[in-house]
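1. I would like the atomic coordinates for the input below:
(2 chains)
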Amino acid sequence: MKKGGKGKTPDLSISLGPIVLKNPVIAASGTFGYGEEYSRVFPIKKLGALVTKGISLEPRPGNPPPRLAETPAGMLNAIGLENVGFNVFVREKMPFLRKVGCPIFVNMFGHTIDEFSELARRLSEIEGIAGLELNISCPNLRAGGSIFAADPRSVYKVVSRVRRVTGSFLMVKLSPNVADITPIARAAEEAGADAVSLINTLIGMAIDVVSRTPLLGNVTGGLSGPAIKPIGVRMVWQVAQTVRIPIVGMGGIVSATDALEYLIAGATAIQVGTAHFVDPRSSLKIIDGIADYLNRHRLPDLSKLIGSLRIERNS
Amino acid sequence: MKSRPVEVKARILENERIRGPYYRLRLFCPEIAALARPGQFLMVRVKEGYEPLLRRPFSFARIHPEEEAGRREKGNVKGGEVEIWYKIVGRGTTILSQLREDDQIDVLGPLGNGFWSIGDRSWVLLLAGGMGIAPLFALAENYCRQSTKVQARLRSNPVPRLNVLWGGKSGDDAIGIRELETMGILGGVATEDGSLGVRGLATDLLERTLLTLRPETAVIYACGPWAMLSRVAEMAFRFDIPCQVLLETRMACGLGACLGCTILMKGNYVSEAETRNASKLHPRRESSNHDGRKEVFPKTYRHGLACQEGPVFEARDIVWESRNL
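-> As a prediction, the model looks like this:
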């Protein structure tokens, strides 16, 4: 961290409920593997926290290739929630994660409410996990395959069931693929979520015009990267007007300025995802950039910054 | 465990057009040159900023960790260099081609597994299709360098014979071929239009060569289009020759985190439940089973990451039917 002009290091720590992070920068699920992958490139203990690749009860092989397509200032992915499953995760991935030196959030999902609650119950018995991030953007098998995250009642049901089986910190990751995100966020809060994180990827598609085939094996996929940042900032701002629980903002963050936009819009912490693919060290640069900003603006910590958006209306 | 990749700013020593859309990029990055092996790759950020967004993977075409006496190339070779050969095919390579000497570019590597050596094989066959020559050139050069060292040490030790076979659309696509000829290891050239070497495909050259040798003495290393590699794999299987193929895929992180660069491999899922689900996941590719024809898609397969388990694979491990030929 760089020192400010007066030689004082600003305090970057924030609290998500009972969990204190040394800085607000969290590595986002699905872009950071199980931590080990990036530990080969930079000291990941400097992160505020880390969210693992999404875990399900059983391992999943994911979608057929090709799984990636580059788009203007962004990329589409259709990995299909490939993961090693609960047992292998606990046996092979947790020993490393316990030694990382920053709080570990485990992203998790199921296709039924029973699967969600069973997995949450099992994960909350595992030592070294600071909290759970519920990925509710997957198809709800009971509701004919529509995603949980699209309906406030489904969200309420799944979150309240998980809440009943675990005392763990519970963060609910919201999908932007909805007409209005605020009732969804409110449903998560009312069901007992400790925080909401948003936004997940936007559903998109790209076509090879020569072969007239989709660029992704799965036809559609999730759009991420700088292209989606304005949508993420808007949704965080909307949700900030709606709920009292902390918001973890994400979507297209590649620089400290991007992160600051989210914080000012009302996010207590932010997640960095796709940026890691471009610049493996981007999280560290963002942490330094936020510290520089606080120095320049003579702010001792983040409390006066979070949710400080000023809207001047000419009447 | 693999060596740690490093992310560095590499200085461009040379970025010149070889011919048509083909370029040679020489980079000064001693940290990477010291670690890199043939068959490994480099993730290149062609430009600061986020448009285009992703890094581009390129195989090493030459690796020169140390200063070498008597190098013929122009420019003052001091060692600590790697070379990439590329063809302009899209936005990334177009931007790359506009970079100049002394520009700095952000590179991450070496990544991936690289070719591995097979013991007691006296005939090493390298088969390249088009730009597939790049990683095989690094392998050939490495081999020549090593065999010189071996010969200097043990005069009596027989050095395996190495031949490079190259096939492409036309003679204009033949990159590095003259160098291979000078090195005395060019075994054959085929072009689809007959403008260089014989008219035909790289695999025709291979087939002809395989008939002249004893299979138990040979090993094949191949890189090129999927259709070619699929055919090579089939021939290697038929002749019972070990065969390594370097596969190209779209890639985002290069580090095993994004799970984007999967290759379908023979093998089992990590769980039985998922093996049962295999048919649901690939319905389109399973449909031809009703009339008793051989099932195209195997019941058991797994996803291998090209950036971790590959990009070099044992040919017999790949589900070749998984891509449209």
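2. where exactly do the strands run in the stretch 101-250 of chain A?
-> Counting by DSSP state E, counting those that start in this stretch, one finds strands in the stretch 101-250 of chain A at the ranges A:104-108, A:131-135, A:169-173, A:195-198, A:202-205, A:207-208, A:213-214, A:220-224, A:247-250.
3. just so I know, which of those strands lies nearest B:R45?
-> strand A:220-224 (17.5 Å; Cβ to Cβ). For glycine as for every other residue, the C-beta is placed from the backbone atoms N, C-alpha and C.
4. Which strands border that closest one, and is each parallel or antiparallel?
-> Sheet pairing for strand A:220-224, assigned by DSSP bridges, gives strand A:74-77 (antiparallel), strand A:202-205 (antiparallel).
5. Go through those and pick out the most buried.
-> Of the strands paired with strand A:220-224, the one with the most neighbours on average (mean count of other Cβ atoms under 10 Å in any protein chain shown) is strand A:74-77, at a mean of 25.
6. Can you tell me what sits against the longest strand along chain B?
-> Secondary structure of chain B per DSSP state E: the longest strand is strand B:6-19. Outside strand B:6-19, the residues within contact range by Cβ atoms under 8 Å, 6 or more residues apart in numbering or on different chains are A:41, A:280-281, B:23-29, B:31-32, B:35, B:75, B:81, B:85, B:96-97, B:99-109, B:172, B:175.
7. Run through the chain and note the low-pLDDT ranges.
-> By default, I'm working from chain A. Along chain A, segments meeting pLDDT under 70 span A:1-8, A:139-145, A:314-315.
8. I was thinking of chain B, sorry if that wasn't clear
-> Looking at chain B by pLDDT under 70, you get B:1-2, B:67-78, B:149-158, B:268-299, B:324-325.
9. And for the residue in the stretch 101-250 of chain B positioned nearest to chain A, the neighbour number?
-> For the stretch 101-250 of chain B and chain A, the shortest gap (Cβ to the nearest Cβ) falls at B:R250, measuring 4.5 Å. Other residues near B:R250 come to 18 when the count uses other Cβ atoms under 10 Å in any protein chain shown.
10. Identify the residues contacting the residue of the stretch 101-250 of chain A found nearest chain B.
-> Nearest residue of the stretch 101-250 of chain A to chain B: A:P226, at 4.7 Å (Cβ to the nearest Cβ). With contacts defined as Cβ under 8 Å, 6+ apart, A:P226 is in contact with A:73-74, A:252, A:254, A:258, B:50-51, B:53.
11. immediately after the longest helix along chain B, which helix or strand?
-> Counting residues, the longest helix found in chain B (DSSP state H) is helix B:133-153. Next in sequence after helix B:133-153, counting helices and strands by DSSP states H and E, comes strand B:161-168.
12. Now do that following strand against helix B:133-153, angle only.
-> Counting by axes from the mean of the first three to the mean of the last three Cα atoms, to 10 degrees, strand B:161-168 lies at 170 degrees to helix B:133-153.
13. Listing partners with orientation, what would you give for strand B:161-168?
-> Strand B:161-168 sits in its sheet next to strand B:123-129 (parallel), strand B:186-191 (parallel), going by DSSP bridges.
14. now the ones you listed as JSON lines including mean neighbour count?
-> Shown next, in JSON lines, are the strands paired with strand B:161-168 (neighbours: other Cβ atoms under 10 Å in any protein chain shown):
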{"stretch": "strand B:123-129", "mean neighbour count": "26"}
{"stretch": "strand B:186-191", "mean neighbour count": "20"}
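15. Please name whichever of those strands is nearest to B:R238.
-> strand B:123-129 (14.5 Å).
16. quick one: contacts of that closest one?
-> Against strand B:123-129 from outside (Cβ under 8 Å, 6+ apart): B:136, B:139-140, B:143, B:160-168, B:187, B:202-203, B:205-206, B:209, B:213, B:217-225, B:228-229, B:232.
17. Just the buried ones from these?
-> Applying 16 or more other Cβ atoms under 10 Å in any protein chain shown to the contacts of strand B:123-129, the neighbour count classes B:136, B:139-140, B:143, B:160-168, B:187, B:202-203, B:205-206, B:209, B:213, B:218-225, B:228-229, B:232 as buried.
18. For the nearest residue to A:G232 once chain neighbours are set aside, list the residues it contacts.
-> Once flanking residues are discounted, A:G232 sits nearest to A:G251: 2.5 Å by Cβ to Cβ, 6 or more residues apart in numbering or on different chains. A:G251 sits next to A:176, A:198-199, A:224, A:228-229, A:231-233, A:235 when contact means Cβ under 8 Å, 6+ apart.
19. cool, and A:K173?
-> By Cβ under 8 Å, 6+ apart, the contact list for A:K173 reads A:29, A:107, A:133-137, A:196-198, A:200.
20. Reformat the residues you listed as TSV; add neighbour count and distance to B:S59.
-> Output for the contacts of A:K173, formatted as TSV (neighbours: other Cβ atoms under 10 Å in any protein chain shown; distance: Cβ to Cβ, whole Å):
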residue	neighbour count	distance to B:S59
A:S29	26	31
A:N107	21	34
A:E133	26	37
A:L134	28	41
A:N135	26	36
A:I136	26	41
A:S137	22	36
A:V196	29	44
A:S197	30	38
A:L198	28	39
A:N200	26	34
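21. In a markdown table, list those along with distance to chain B.
-> Output for these, formatted as a markdown table (distance: Cβ to the nearest Cβ, whole Å):
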| residue | distance to chain B |
| --- | --- |
| A:S29 | 11 |
| A:N107 | 13 |
| A:E133 | 17 |
| A:L134 | 20 |
| A:N135 | 15 |
| A:I136 | 21 |
| A:S137 | 17 |
| A:V196 | 24 |
| A:S197 | 19 |
| A:L198 | 21 |
| A:N200 | 15 |
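22. Which single one of the residues you listed is nearest to B:G132?
-> Looking across these and measuring by Cβ to Cβ, the closest to B:G132 is A:S29, at 36.1 Å.
23. Now that closest one: closest residue in space, sequence neighbours ignored.
-> Per Cβ to Cβ, 6+ apart, closest to A:S29 is A:N107, 3.7 Å.
24. ok, that neighbour touching A:I136?
-> No: counting by Cβ atoms under 8 Å, A:I136 is not a contact partner of A:N107; they are 10.9 Å apart.
25. Enumerate every residue touching the residue most central in space within chain A.
-> Geometric centre of chain A, nearest residue: A:A28, 4.7 Å, by Cα atoms, centre = their mean. If you count contacts by Cβ under 8 Å, 6+ apart, A:A28 has them with A:51, A:250, A:271-273.
26. could you dump those residues to CSV with secondary structure?
-> Converted to CSV, those look like this (DSSP: H, G, I helix; E, B strand; the rest coil):
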residue, secondary structure
A:V51, strand
A:M250, strand
A:Q271, strand
A:V272, strand
A:G273, coil
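27. Where do the helices of the stretch 51-200 of chain A begin and end?
-> Along the stretch 51-200 of chain A, counting by DSSP state H, counting those that start in this stretch, helices occupy A:85-88, A:94-98, A:113-124, A:152-165, A:182-190.
28. Redo those helices as CSV? Include mean neighbour count.
-> Formatted as CSV, the helices of the stretch 51-200 of chain A follow (neighbours: other Cβ under 10 Å):
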stretch, mean neighbour count
helix A:85-88, 17
helix A:94-98, 15
helix A:113-124, 19
helix A:152-165, 20
helix A:182-190, 21
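29. Let me have the ones you listed in a markdown table, adding distance to chain B as columns.
-> Putting those into a markdown table (distance: least, Cβ to the nearest Cβ, whole Å) gives the following:
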| stretch | distance to chain B |
| --- | --- |
| helix A:85-88 | 6 |
| helix A:94-98 | 13 |
| helix A:113-124 | 12 |
| helix A:152-165 | 22 |
| helix A:182-190 | 27 |
